[in-house]
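Colleague: task: produce atomic coordinates for the following.
(2 chains)
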Amino acid sequence: MIEVKNLHKSFGDTHVLKGITTSFEKGKTNLIIGQSGSGKTVFMKCLLGLIVPDEGTISYDGRMFAKLSPGEKRDLRQDMGMVFQGSALFDSMTVEENVMFPMDMFTRQSRSEMEDRVNIVLNRVNLIDAHKKYPSEISGGMQKRVAIARAIVMNPKYLFCDEPNSGLDPKTAILIDNLIQEITKEFDIITVINSHDMNSVMEIGEKIIFLQHGIKEWEGTNKEIFKTDNKAVTNFVYSSELFKKVRQMYIEERN
Amino acid sequence: MVREVFKKPTKWSIMKSLILKEIDELIYGSMGIVIFISIFMGGVVAIQTALNLTNPLIPKDLIGFATRQSVILEFAPTFTSIIMAGKVGSYITSSIGTMRVTEQIDALEVMGVNSLNYLVFPKIIAMFLYPFVVAIAMYLGIFGGLIANTLGGHSTSTEFIQGIQLDFIPFHVTYSFIKSIVFAFIIATVPSFHGYYMEGGALDVGKASTTSFVWTSVVIIISNFILTHLLLG
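Modeller: Numbers count the residues shown, from 1 in each chain, chains lettered A, B, ... in the order given. This next block holds a predicted model:
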């Protein structure tokens, strides 16, 4: 379990995170939602240890991140997988080399063992013929799948995804969402996703955290988000006419 | 930054391949421009010297002497380094800057890789071969001077070669190599700093490259002055 307690972060005079307390459980897809500038990315970067919080604690299965030695932090990071918004694949490496990179860096496996593992994870994300291609030669959806493959190649305990379906067409976005949820269940990992995509919220949001102005405004599941009367959440989630109608239909059906 | 760069690499076998890649990119890849510039630079020095020797009492072998001194002391180490600051420095800033903008550096950090060590250390090590580039620049600069001088009819090749051998002080070559090692460190680190700590988007990568070239040149020129004062003053 990842436990976050009273997290604060400021940049100069701007107080970005204001005392966030929450937890993320194993085997669940956790979504962090909120408007641009609500502090989602800073929150995720704090979780990843890329930004040091001013106050508060983050613990990974009881291991307090701030109290770990550099070596222990490095070990913990090998348990983390991250899918960046822009995929962040290494331009100078092929798809195969990108996925192999963490293994090459941190394990003593032979080349053939690493290739076998790469084949397994690339098959898992439904990428079969792209091994020798460079990131610039494949589509955005394929790049996201390579990024997911690279994130899971070391069997992480914690998977973080920053807007995994931004810039993708709705069909590919659903494929990526389903893939992340399947992987979460299959490997029994903790998945934390930053998202703007309301379809993802409805489909895979087993736990949803709504941030507004750096404060955790609401927390619940995708079932509960339909019922909530929290004005800030409903204003954000049901800002589009389509979702307003969906909610109306849901309420009518329930009544 | 410096402490992180010189920490023990995560895996030496990977570091070795990165160093070889950087040698190919930074050193071998720069040979063409260095060869081209050196020959013409030496030629220009020889012609300029020859055209200024109007007094018939001054021996013609002074053309070779002046060319050798100018090329070994200044043109090969300093002028070539300014060119390298443009070519190699811009490449380093833009490649690291692009990795920063596209979150590739964050990806390395999340994986537990010391990104400064992974990206900058191989460049510094590769640039330690830079004195070889300067040695080639010295040789070709003087050779270019010989060709320009002889073809231009300013003096005979024998007079020019006599001038090259006149009052030769081996320490001048050592001085030049000491300068080139310092310049190599500057060319590897200043652009890396500008690339690694840049913020913004694609446009800012271009701006960072320009800024890095300006600062690398400034630092090279200031250290050239200090080193000359310390070693020859």
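
Colleague: can you pull the contacts of the residue in chain B positioned nearest to chain A?
Modeller: In chain B, the residue that lies nearest chain A is B:Gly112 (3.5 Å; Cβ to the nearest Cβ). C-beta here means a position set from N, CA and C on the backbone, and glycine is covered the same way. Neighbour list for B:Gly112: A:73-78, A:106, B:10 [criterion: Cβ atoms under 8 Å, 6 or more residues apart in numbering or on different chains].

Colleague: in helices, which of the residues you listed fall?
Modeller: Counted as lying in helices by DSSP state H, out of the contacts of B:Gly112, are A:73-77, A:106.

Colleague: do you know how far the residue in the stretch 51-200 of chain A positioned nearest to chain B is from B:Lys11?
Modeller: As assessed by Cβ to the nearest Cβ, chain B sits closest to A:Arg77 within the stretch 51-200 of chain A, at 3.5 Å. Distance, A:Arg77 to B:Lys11, by Cβ to Cβ, to the nearest Å: 15 Å.

Colleague: so is the longest helix belonging to chain B next to chain A?
Modeller: Secondary structure assigned by DSSP H gives helix B:202-231 as the longest helix of chain B. No: shown here: helix B:202-231 not in contact with chain A (Cβ under 8 Å from any Cβ of the partner chain), separated by at least 11.7 Å.

Colleague: what sits closest to A:Ser23 if chain neighbours are left out?
Modeller: Closest residue to A:Ser23 apart from its sequence neighbours, by Cβ to Cβ, 6 or more residues apart in numbering or on different chains: A:Glu3 at 4.8 Å.

Colleague: can you pull the residues of the stretch 1-150 of chain A lying near chain B?
Modeller: A:48, A:50, A:73-78, A:80, A:82, A:84-86, A:88-91, A:101-102, A:104-106.

Colleague: strands along chain A, start to end?
Modeller: Secondary structure of chain A (DSSP state E): strands located at A:2-11, A:14-24, A:29-34, A:55-60, A:63-64, A:80-83, A:158-162, A:190-194, A:207-212, A:215-220.

Colleague: so how far is chain B from the residue nearest to A:Ser23?
Modeller: Distance of A:Glu3 to chain B, given as Cβ to the nearest Cβ, to the nearest Å: 20 Å.

Colleague: can you name the residues of chain B that neighbour chain A?
Modeller: Residues of chain B lying near chain A (Cβ under 8 Å from any Cβ): B:10-11, B:14, B:98, B:102-104, B:106-107, B:109-113.

Colleague: redo that, cut-off 6 Å
Modeller: Applying Cβ under 6 Å from any Cβ of the partner chain, we find that chain B lies next to chain A at B:10-11, B:102-104, B:106-107, B:110-112.

Colleague: which of the residues you listed ranks first by neighbour count?
Modeller: Using other Cβ atoms under 10 Å in any protein chain shown as the neighbour criterion, B:Ala107 leads the residues of chain B next to chain A with 26 neighbours.

Colleague: any idea which helix or strand carries that residue?
Modeller: Assigned by DSSP states H and E, B:Ala107 belongs to helix B:104-111.

Colleague: so where is chain A shaky, pLDDT-wise?
Modeller: A:254 (pLDDT under 70).

Colleague: what's the single longest helix in it?
Modeller: Longest helix in chain A, counting by DSSP H: helix A:170-187.

Colleague: and the angle for the helix holding B:Ala107 with strand A:158-162?
Modeller: Interaxial angle of helix B:104-111 relative to strand A:158-162 (axes from the mean of the first three to the mean of the last three Cα atoms, to 10 degrees): 160 degrees.

Colleague: for helix B:104-111, name the packing helices and strands.
Modeller: Where contact means 3 or more Cβ pairs under 6 Å, 6 or more residues apart in numbering or on different chains; DSSP states H and E, helix B:104-111 is packed against helix B:115-127.

Colleague: pull the helix or strand following the helix it packs on out as CSV, backbone CA atoms only.
Modeller: Using DSSP H and E, the helix or strand that follows helix B:115-127 in sequence is helix B:130-152. The C-alpha trace of helix B:130-152 is given here as CSV (Å, rounded to 0.1, in the frame of the first residue of the first chain):
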residue,chain,number,x,y,z
TYR,B,130,40.5,16.1,-27.4
PRO,B,131,44.3,16.7,-27.2
PHE,B,132,44.6,14.2,-30.1
VAL,B,133,42.3,16.4,-32.2
VAL,B,134,44.4,19.5,-31.2
ALA,B,135,47.6,17.6,-32.2
ILE,B,136,46.1,16.9,-35.6
ALA,B,137,45.0,20.5,-35.9
MET,B,138,48.6,21.6,-35.1
TYR,B,139,50.1,19.3,-37.7
LEU,B,140,47.6,20.2,-40.4
GLY,B,141,47.7,23.9,-39.6
ILE,B,142,51.5,24.0,-40.2
PHE,B,143,51.0,21.8,-43.3
GLY,B,144,48.4,24.2,-44.6
GLY,B,145,50.8,27.1,-44.0
LEU,B,146,53.5,25.2,-45.9
ILE,B,147,51.2,24.6,-48.9
ALA,B,148,49.9,28.2,-49.0
ASN,B,149,53.3,29.7,-48.6
THR,B,150,54.9,27.5,-51.3
LEU,B,151,52.0,27.8,-53.8
GLY,B,152,51.8,31.5,-53.2
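
Colleague: contacts for whichever helix or strand comes after helix B:130-152?
Modeller: Downstream of helix B:130-152, the next assigned helix or strand under DSSP H and E is helix B:157-165. Identification of contacts with helix B:157-165 by Cβ atoms under 6 Å, 6 or more residues apart in numbering or on different chains yields B:60-61, B:63-65, B:68, B:146, B:149-150.

Colleague: which of these tops the neighbour count?
Modeller: When neighbours are counted by other Cβ under 10 Å, B:Ile63 leads these with 30 neighbours.

Colleague: that one: which element?
Modeller: helix B:62-70.

Colleague: skipping adjacent residues, who's closest to A:Val42 in space?
Modeller: Spatially, and ignoring its direct neighbours in sequence, A:Val42 is nearest to A:Val16 (4.8 Å; Cβ to Cβ, 6+ apart).

Colleague: test my guess that the one you found contacts A:Gly214.
Modeller: Yes: the pair A:Val16 / A:Gly214 is scored as a contact, 5.2 Å apart, by Cβ atoms under 6 Å.

Colleague: what's the overlap in contacts for the two?
Modeller: A:Gly39.

Colleague: contacting residues for the most centrally placed residue in chain B?
Modeller: Geometric centre of chain B, nearest residue: B:Ser81, 2.8 Å, by Cα atoms, centre = their mean. Residues in contact with B:Ser81 (Cβ under 6 Å, 6+ apart) are B:183, B:220.
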